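1. quick check, what structure comes out for this input:
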Amino acid sequence: MTAEPTERLEGAPLISPSTTEHPLHEPIVDACRSVFDPEIPVNIYDLGLVYTIDIGDESDVRVIMTLTAPGCPVAGEMPGWVADAVSAVPGVKNVDVDLTWEPPWGMEMMSDEARLELGFM
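-> Model (predicted):
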């Protein structure tokens with residue numbers, strides 16, 4: 001039986017892996033850490049809102065991210081903030097930021113630093 005195009009293949013990750021071996025990865029992570037959710041005093045990277053940083057051979061970057069909730073008041077603005085921050089990284093050619101709701105964000109996606117900052121540790 002073949003999977004329908006809308007079905008997730010068994011064992012396929014919900015979150016695509018990032019291009020961590022690329023030399024631009026760490027500077028792009030730092031750029032993402034400069035963007036904050038205005039309602040939470042922690043950057044979006046440590047909150048776990050950035051799911052994937054995909055860096056192409058031509059230094060084109062695709063960021064797949066989510067928000068803490070679909071009704072987030074800055075839902076229309078935050079992807080632009082991320083695109084602006086990542087575009088400023090020397091060597092980055094083009095940036096696309098895509099919002100996704102799958103998988104939904106949960107507090108378990110936060111880094112230990114974010115949990116500590118918010119008093120959950």
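
2. now the residue nearest to the spatial centre of the chain: phi and psi?
-> In the chain, the centroid-proximal residue (C-alpha atoms, centre = their mean) is Val50; its distance is 1.5 Å. Per-residue torsions, Val50: phi -90, psi 110 (degrees, to the nearest 10).

3. tally of neighbours for the nearest residue to Ile64 once chain neighbours are set aside?
-> Excluding its sequence neighbours, the residue lying closest to Ile64 (C-beta to C-beta, 6 or more residues apart in numbering) is Thr52, at 4.1 Å. For the C-beta atoms, the positions are set from N, CA and C on the backbone; glycine is no exception. A total of 16 residues lie near Thr52 under the criterion other C-beta atoms under 10 Å.

4. which helix or strand contains Thr52?
-> Counting by DSSP states H and E, the element that carries Thr52 is strand 50-55.

5. pLDDT on that strand, on average?
-> Mean per-residue pLDDT for strand 50-55: 96.

6. partner strands of it, parallel or antiparallel?
-> Its sheet considered, strand 50-55 pairs with strand 61-65 (antiparallel) by DSSP bridges.

7. flag every buried residue along the strand it pairs with.
-> Within strand 61-65, the residues scored as buried using 16 or more other C-beta atoms under 10 Å are Val61, Arg62, Val63, Ile64, Met65.

8. can you give me how far that strand is from the chain middle?
-> Strand 61-65 has its C-alpha centroid displaced from the chain centroid by 6 Å (C-alpha atoms, centre = their mean, to the nearest Å).

9. enumerate every residue touching the closest residue to Ser18 other than its chain neighbours.
-> Spatially, and ignoring its direct neighbours in sequence, Ser18 is nearest to Ile53 (4.4 Å; C-beta to C-beta, 6+ apart). By C-beta atoms under 8 Å, 6 or more residues apart in numbering, the contact list for Ile53 reads Ser18, Thr19, His25, Ile28, Val29, Cys32, Val61, Arg62, Val63.
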